[in-house]
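Chemist: how would this look folded up:
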Amino acid sequence: MKLKTIFFVCFLIVSSVVPSLGQNQLTNFDYFIQPVGNWLLASNIQKDSLNPSTLIFEEDGNCFVNGVNGKAKYLVTKNEYQDIELHVEFMLPKGSNSGIYFQCRYEIQLFDSWGETNLTYYDCGGIQNRWNENLPEGEKGYDGFPPMINACKAPGTWQSLDVLFRAPTFNKEGEKIKNACFESVLLNGVVVQKNTELTGPTKGALSEEEVVKAPFRLQGGHGPVAFRNIIVRELKM
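Modeler: Numbering: from 1, shown residues only. Okay, here's the model as predicted:
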């Protein structure tokens with residue numbers, strides 16, 4: 001209840017300055033493109049005390065888990081989005097790695113960064129770098145953004161992410177006139193990104209072509225992860 005209360009207070013604050021088109025909570029697989037592969041709905045999720053790099057749970061519930069082996073393909077929304085505010089709660093076991101690709105192109109990292117002091121774009125709340133195979137070795141990755149502070153909780157703990165994302169803007173000729181931007185990213189209530197502008201899609205993007213609207217996707221192929229309370233609020237331009 002406390003997490004939900006904090007979230008809705010945040011929404012009320014933002015809604016006073018950011019007009020919205022509507023809000024939806026993604027509660028089951030009807031909101032995602034089928035088939036969903038190894039993803040399942042579960043409850044009573046926790047870190048395995050005997051193997052802290054895995055999650056244990058009971059099947060059937062209101063949380064999304066990337067399979068019994070902690071590996072699944074991307075979970076992609078049916079709806080396409082432009083400017084949105086997203087709230088999601090997630091759990092990672094020790095050493096695990098996930099992410100959320102806004103418009104399937106711009107990734108915010110979810111990573112077990114508990115206790116990390118030398119932060120990079122790969123840490124929790126960071127924005128994945130861009131990638132160009134045609135550049136020289138050591139320069140292929142660029143424009144990654146580490147979190148401003150380490151707000152990551154211990155593995156096996158539910159954590160919250162609140163993001164205000166602005167899609168790229170195009171003129172009538174289809175030319176990009178404004179980059180995509182993470183106006184704010186809060187990890188566990190702490191600002192870790194502020195007005196972070198992206199010059200293009202990050203590594204692992206669905207496409208290098210930028211668009212007005214597209215789905216977002218949850219990463220499930222790099223270790224066990226669980227998601228719950230996924231709430232999307234579409235924003236007016």
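Chemist: from now on I want contacts and neighbour counts done on CA atoms only, so please keep to that.
Modeler: OK.
Chemist: measure the nearest residue to residue 186 once chain neighbours are set aside to residue 141 for me?
Modeler: The shortest distance from residue 186 to any non-neighbouring residue, by CA to CA, 6 or more residues apart in numbering, is to residue 162 (5.0 Å). Going from residue 162 to residue 141 by CA to CA, to the nearest Å gives 26 Å.
Chemist: so for those two, which residue has more residues nearby?
Modeler: residue 162 (22 against 17; other CA atoms under 10 Å).
Chemist: state the helix or strand in which that one lies.
Modeler: Element membership for residue 162, per DSSP states H and E: strand 159-166.
Chemist: can you name the next helix or strand after that strand?
Modeler: Following strand 159-166 in sequence, per DSSP H and E, is strand 169-170.
Chemist: show me what the next helix or strand after that next one is packed up against.
Modeler: Where DSSP H and E defines the elements, the next helix or strand beyond strand 169-170 is strand 176-178. Contact partners of strand 176-178 among helices and strands, from 3 or more CA pairs under 8 Å, 6 or more residues apart in numbering; DSSP states H and E: strand 169-170.
Chemist: give the pairing partners of the strand it packs on; include direction for each.
Modeler: Strand 169-170 pairs in its sheet with strand 176-178 (antiparallel), by DSSP bridges.
Chemist: flag every buried residue along the partner strand.
Modeler: Neighbour-count burial for strand 176-178 flags no residue at all (criterion: 16 or more other CA atoms under 10 Å).
Chemist: now stretch 180-194
Modeler: For stretch 180-194, the neighbour count (16+ other CA under 10 Å) marks 180-182, 184-194 as buried.
Chemist: pLDDT score for the nearest residue to residue 220 once chain neighbours are set aside?
Modeler: Excluding its sequence neighbours, the residue lying closest to residue 220 (CA to CA, 6+ apart) is residue 72, at 4.9 Å. What the model reports as pLDDT for residue 72 is 96.
Chemist: roughly how far does residue 72 sit from residue 58?
Modeler: In terms of CA to CA, residue 72 sits 18 Å off from residue 58.
Chemist: of these two, who's got more company?
Modeler: Using other CA under 10 Å, the more surrounded residue of residue 72 and residue 58 is residue 72, with 22 against 11.
Chemist: torsion angles phi and psi at the more buried one?
Modeler: Torsion angles at residue 72 (phi, psi; degrees, to the nearest 10) stand at phi -160, psi 160.
Chemist: who's in contact with it?
Modeler: 37, 38, 39, 66, 220, 221 (CA atoms under 8 Å, 6 or more residues apart in numbering).
Chemist: quick one: residues contacting residue 181.
Modeler: With contact set as CA under 8 Å, 6+ apart, residue 181 has these partners: 165, 166, 167, 168, 195, 196, 197, 198.
Chemist: number of nearby residues for the last one?
Modeler: By other CA under 10 Å, the residues close to residue 198 number 21.
Chemist: what does the third one give?
Modeler: Burial of residue 167, expressed as a neighbour count using other CA under 10 Å, amounts to 24.
Chemist: next SSE downstream of the helix-or-strand element of the chain with minimal mean pLDDT?
Modeler: Least confident element among the helices and strands of the chain, by mean pLDDT, DSSP states H and E: helix 2-15 (a mean of 44). On the C-terminal side of helix 2-15, the closest following helix or strand by DSSP H and E is strand 20-26.
Chemist: after that next one comes which helix or strand?
Modeler: Assigned by DSSP H and E, the successor of strand 20-26 is strand 40-47.
Chemist: so what's the residue count around residue 203?
Modeler: There are 20 residues near residue 203, going by other CA under 10 Å.
Chemist: was I right about it contacting residue 127?
Modeler: No: at 9.9 Å, residue 203 does not count as touching residue 127 under the criterion of CA atoms under 8 Å.
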